[in-house]
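*Asks:* Okay, sequence plus prediction incoming.
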Amino acid sequence: MPEQVMRIALGQFNQATDERLKFAAQIGVKGVLLNTPKLPGEKRWEFMDLVQLRTTIENYGLQLEALENVPVTFYREAMLGLPQRDEQIENYRETIRNMGRAGIPILGYHWMPNQVWRTSRTTPGRGGALVTSFDMELAKNAPLSFGRVYPEEEMWANYDYFMKAVLPVAEESGVKLALHPDDPPVESLGGVARLFRNFEGFRRAMEDVAPSPNHGLDFCMGCWSEMGEPVPDVVRYFASRGKIFYVHFRDVQGVVPKFAECFIGEGNQDVVKVMKALKESGFTGFLIDDHVPAIVDDTDWHHRGRAHATGYLQGLLRAVEALA
């Protein structure tokens, strides 16, 4: 199991290739997260595939910290409350069981059946690096994603039904479920209400709908920055309660309804204050980069941008620890 100290890991790629694992080891991290890993299975992940993924990573001297996001097709009908939701939920429960059997401690998840939205993926950032951006004015007339409107209380009812079914299995299996914010955190997109767009949505999920030591946050600083929430205060609230399992340490310029992603250190947040809030609140999970800008001559998995972000985080964490 990963050591229980605040640490920097590498994340947001979907294949445990020789190139990517060597890169992780060479830049000095001890663990990795895979996002929607390319594994066999059209409905769930199987035990032996998960074991082999874990051992592949461990053979490079690294830990598999977490898996983030099953394919959205695994549980989209569950999110929307459609006829096959019980079948999808049972497969999701079996995926959790298999992760527990394979010794993989965290499964990140989201509640966005129509996923992350951006209105541009080629917005010029610092020095001409390409970043993603969102402008609600450009998205407001989008057609319905699934043929009708899914209002907020219906989405809450679907979420309650889902969590009542899967959370006990996570507890029995020793797997933690980490909830990611809606991105962008607006009221509705494509006719689908977004529940996890503000502090109250997360408080309701963690304290009312599904309270459990095995249920917490994938704390995406970028999404909280998009919301315009006081990020250090939110960190203290959830981290002091043991509810932040890991962190996406990224930032944006601007808030909803219009924002653009950016390099760490040039966004809305004072990143020193956020890191200090994590440290002072007793956070002992891992932090990863996320949505890094596309730097000149980068690879398709943005290893140059990830090297910059990871080095920045390593130095920031060491400095904050030295001040403690």
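*Replies:* Nice, thanks for sending it over.
*Asks:* In contact with Thr122: list those residues for me.
*Replies:* By Cβ atoms under 8 Å, 6 or more residues apart in numbering, the contact set of Thr122 is Leu130. Glycine gets a C-beta too; all of them are placed from N, C-alpha and C.
*Asks:* Check which residues of whichever strand or helix holds it are buried.
*Replies:* Following DSSP states H and E, one finds Thr122 within strand 120-124. For strand 120-124, the buried set under the neighbour-count rule, 16 or more other Cβ atoms under 10 Å, comprises Thr123.
*Asks:* One more: stretch 85-99?
*Replies:* Neighbour-count burial for stretch 85-99, counted by 16+ other Cβ under 10 Å, picks out 85, 88-99.
*Asks:* Is Leu287 within a helix or a strand, and which one?
*Replies:* Using DSSP H and E, Leu287 maps to strand 286-288.
*Asks:* Using PDB, write out every CA atom in the strand holding Thr122.
*Replies:* Only the C-alpha atoms of strand 120-124 are listed here, as PDB (Å, rounded to 0.1, in the frame of the first residue of the first chain):
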ATOM      1  CA  SER A 120     -12.300  25.400 -27.100                       C
ATOM      2  CA  ARG A 121      -9.300  23.100 -26.900                       C
ATOM      3  CA  THR A 122      -7.000  25.500 -28.800                       C
ATOM      4  CA  THR A 123      -7.100  28.600 -26.700                       C
ATOM      5  CA  PRO A 124      -3.600  30.300 -26.600                       C
END
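*Asks:* for it, the distance to its chain's centre please.
*Replies:* On the basis of Cα atoms, centre = their mean, to the nearest Å, strand 120-124 sits 21 Å off its chain's mean C-alpha point.
*Asks:* Can you tell me which helices and strands the helix or strand just after it packs against?
*Replies:* Beyond strand 120-124 on the C-terminal side, the first helix or strand identified by DSSP H and E is strand 130-135. With contacts taken as 3 or more Cβ pairs under 8 Å, 6 or more residues apart in numbering; DSSP states H and E, strand 130-135 sits against strand 120-124, strand 258-261.
*Asks:* TSV for these, including mean pLDDT and distance to Leu195?
*Replies:* Output for the helices and strands packed on strand 130-135, formatted as TSV (pLDDT from 0 to 100; distance: least, Cβ to Cβ, whole Å):
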stretch	mean pLDDT	distance to Leu195
strand 120-124	98	25
strand 258-261	98	20
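*Asks:* Please name the strands paired to the strand holding Thr122 in the sheet, noting orientation.
*Replies:* Sheet partners assigned to strand 120-124 using DSSP bridges are listed as strand 130-135 (antiparallel).
*Asks:* contacts for the partner strand?
*Replies:* For strand 130-135, the external contacting residues (Cβ under 8 Å, 6+ apart) are 117-125, 184, 226, 256-262, 291, 293-294.
*Asks:* one more time with 7 Å
*Replies:* Contact with strand 130-135 is made by 117-125, 184, 257-262, 291, 293-294, as judged by Cβ atoms under 7 Å, 6 or more residues apart in numbering.
*Asks:* now do stretch 252-261
*Replies:* With Cβ under 7 Å, 6+ apart as the test, stretch 252-261 has contacts from 123, 131-137, 184-186, 222, 225-228, 250, 262, 267-268, 291, 293.
*Asks:* Which neighbours in the sheet does the helix or strand of the chain with the lowest mean pLDDT have, and how are they oriented?
*Replies:* One helix or strand of the chain scores below all others by mean pLDDT, DSSP states H and E: strand 10-13, with a mean of 89. Strand pairing for strand 10-13, determined by DSSP bridges: strand 31-35 (parallel).
*Asks:* after the partner strand, next one along is what?
*Replies:* Using DSSP H and E, the helix or strand that follows strand 31-35 in sequence is helix 47-58.
*Asks:* Show me what that next one is packed up against.
*Replies:* When contacts are defined as 3 or more Cβ pairs under 7 Å, 6 or more residues apart in numbering; DSSP states H and E, helix 47-58 packs onto strand 63-68, helix 85-102.
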